[in-house]
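Asker: Need a 3D model of the sequence below.
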Amino acid sequence: VPEEYKYFHEAGKSMALTHYDARFFRDALPYEEHRIALRNLIRSYLATTSKLGIETWLAHGTLLGWWWNGRIMPWDYDVDVQVSGATMGEMVRRGLNGSFWSYPDESEGTTVDKRTYLLDINPHWSQLERGKGLNVIDARWIDTQTGMFVDITVLMEREPKKMPGVWSCKNRHYYDPWKQLYPLRETVFEGVRALVPFAVEEVLVAEYGEKCLVATEWEG
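Answerer: Next comes the predicted model:
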């Protein structure tokens with residue numbers, strides 16, 4: 001068995017720097033520019049995948065931001081989405097891995113008309129086991145100007161004997177696809193079309209606890 005290696009490399013080990021791809025990192029953005037850059041990221045990702053007919057939905061803290069106000073939380077460092085194993089396989093077969101895409105830059109005061117994004121798929125994406133935990137992220141949508149990215153994780157049936165019919169990612173988030181995920185709900189996030197799980201509140205409570213739907217502050 002070949003030694004498992006880490007495919008994606010981040011710019012550093014601090015909370016801020018782990019959210020930049022090392023290949024494209026220049027400088028960490030100041031706080032006031034952070035949410036604008038994340039908005040550009042998710043809008044470009046959702047608009048492009050919608051145009052390509054790729055089924056993907058909001059996940060984790062991004063889904064929580066949608067639940068509260070249809071926007072990214074002001075303290076978030078990244079954006080999270082999920083796809084099914086069948087969808088990721090289709091993306092690979094269509095030759096989308098390593099493809100570059102342009103999308104209008106909507107940052108205030110910028111002189112750049114469009115930003116370029118890379119869809120980069122981890123060659124370990126189809127690995128069922130977590131392994132050493134080096135490759136829990138299956139793909140990324142990367143802003144080549146800043147190195148900031150959307151994390152894309154694959155859900156599939158990983159333990160058919162122990163948990164038949166249950167989908168999970170390598171980071172051990174578990175879902176009943178036909179009760180919690182499907183049919184996906186069509187909605188709007190940051191002003192563009194998006195999809196969210198059917199039992200969205202059940203999914204959020206399972207991950208963050210009941211408090212996530214009522215707490216109006218986070219770390220002050």
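Asker: Relative to the whole chain's centre, how far out is stretch 103-121?
Answerer: Between the mean C-alpha point of stretch 103-121 and the mean C-alpha point of its chain there is a distance of 18 Å (CA atoms, centre = their mean, to the nearest Å).
Asker: now swap in stretch 176-195 and tell me
Answerer: Going by CA atoms, centre = their mean, the spacing between the C-alpha centre of stretch 176-195 and its chain's C-alpha centre is 14 Å.
Asker: Not counting its own residues, what contacts that stretch?
Answerer: Stretch 176-195 has contacts (CB atoms under 8 Å, 6 or more residues apart in numbering) with 39, 42-43, 46-47, 50, 55-58, 62, 65-66, 70-72, 84, 155, 165-167, 175, 196-200, 202-203. The way it works is simple: take the backbone N, C-alpha and C, and place the C-beta from them, glycine included.
Asker: Can you pick out the ones from these that are in strands?
Answerer: Helix and strand membership here follows DSSP state E; of the contacts of stretch 176-195, those in strands are W57, L58, S84, L155, W167, Y175, V196.
Asker: Roughly how far does the first one sit from I72?
Answerer: I take that to be W57. Using CB to CB, to the nearest Å, one gets 15 Å for the distance from W57 to I72.
Asker: likewise the fifth one?
Answerer: Separation of W167 from I72 (CB to CB) stands at 25 Å.
Asker: So which residues of this structure form strands?
Answerer: Assigned strands in the chain, in chain order: 57-58, 79-84, 99-104, 114-121, 139-143, 149-157, 167-168, 174-175, 185-189, 192-196 (criterion: DSSP E).
Asker: Which helix runs longest in this protein?
Answerer: Of all the elements of type helix in the chain, the one with the most residues (DSSP state H) is helix 31-52.
Asker: Next, count neighbours for W141.
Answerer: A count of neighbours around W141, defined by other CB atoms under 10 Å, yields 24.
Asker: List buried members of the contacts of stretch 176-195 by neighbour count.
Answerer: Buried by 16 or more other CB atoms under 10 Å: 39, 42-43, 46-47, 56-58, 62, 65-66, 71-72, 84, 155, 166-167, 175, 196-200, 203, out of the contacts of stretch 176-195.
Asker: Now Q127: closest residue in space, sequence neighbours ignored.
Answerer: By the measure of CB to CB, 6 or more residues apart in numbering, the closest residue to Q127 outside its immediate chain neighbours is N135, 6.8 Å from it.
Asker: And the one you found, how close does it get to N122?
Answerer: Distance, N135 to N122, using CB to CB: 6 Å.
Asker: swap in A28?
Answerer: 24 Å.
Asker: Could you do F198 as well?
Answerer: Using CB to CB, we find F198 at a distance of 27 Å from N122.
Asker: Run through this structure and note the low-pLDDT ranges.
Answerer: Low-confidence regions of the chain, defined here as pLDDT under 70, cover residues 1-2, 108-112.
Asker: dump the residue contacts of the residue nearest the centre of it.
Answerer: In the chain, the C-alpha closest to the average C-alpha coordinate belongs to D80, at a distance of 2.6 Å (CA atoms, centre = their mean). Taking CB under 8 Å, 6+ apart, we find D80 in contact with L58, A59, H60, G61, T62, L63, V150, D151, T153.
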